[in-house]
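Asks: sequence first, then the predicted structure:
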Amino acid sequence: MTVLDTIGRTRLIPLRHIVPEKSARILVKLEYENPTGSMKDRMALAMIECAHRSIVNTKIGAS
């Protein structure tokens with residue numbers, strides 16, 4: 001698994017003792033598990049994938 005594989009897979013943990021039982025389900029996202037600790041990771045991944053596609057397409061066109 002690479003650091004890029006972790007993007008978009010941040011765990012959600014239920015908070016069971018914050019609200020009365022059977023009233024609501026509250027989940028927290030563990031941002032510290034993101035590679036950069038930021039919600040901007042998905043945007044960064046999209047940029048990396050776009051750049052990679054550009055390089056591959058350029059190489060294919062140059063052949």
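Replies: That came in fine, so what should we check first?

Asks: excluding its backbone neighbours, what's nearest the one residue sitting closest to the centre of the chain?
Replies: Residue closest to the average C-alpha location in the chain (Cα atoms, centre = their mean): residue 8, at 2.3 Å. Of all residues not flanking residue 8 in the chain, residue 42 sits nearest, at 5.8 Å (Cβ to Cβ, 6 or more residues apart in numbering). Every C-beta, even on glycine, is put in place using the N, C-alpha and C of the backbone.

Asks: find the helix or strand that the one you found is a member of.
Replies: For residue 42, the host element (DSSP states H and E) is helix 41-62.

Asks: pLDDT below threshold where in the protein?
Replies: For the chain, applying pLDDT under 70 flags the ranges 3-4, 6, 34-39, 41, 61-63.

Asks: count of neighbours near the residue nearest to residue 45 when sequence neighbours are not counted?
Replies: Distances taken as Cβ to Cβ, 6+ apart put residue 7 closest to residue 45, at 4.5 Å, once the chain neighbours are dropped. Here the number of neighbours of residue 7 (other Cβ atoms under 10 Å) works out to 18.

Asks: report the separation between residue 7 and residue 43.
Replies: Distance of residue 7 to residue 43, computed by Cβ to Cβ, to the nearest Å: 10 Å.

Asks: now swap in residue 26 and tell me
Replies: For residue 26, the distance to residue 43 - Cβ to Cβ - is 26 Å.

Asks: how about residue 33?
Replies: Going from residue 33 to residue 43 by Cβ to Cβ gives 17 Å.

Asks: what do you get for residue 15?
Replies: 27 Å.

Asks: what's the answer for residue 31, then?
Replies: Residue 31 is 15 Å from residue 43, where distance means Cβ to Cβ.

Asks: same deal with residue 9?
Replies: Taking Cβ to Cβ, one finds residue 9 at 16 Å from residue 43.

Asks: ok, residue 10 next?
Replies: The value you get for residue 10 to residue 43, if Cβ to Cβ is used, is 14 Å.

Asks: how about residue 59?
Replies: Distance, residue 59 to residue 43, using Cβ to Cβ: 25 Å.
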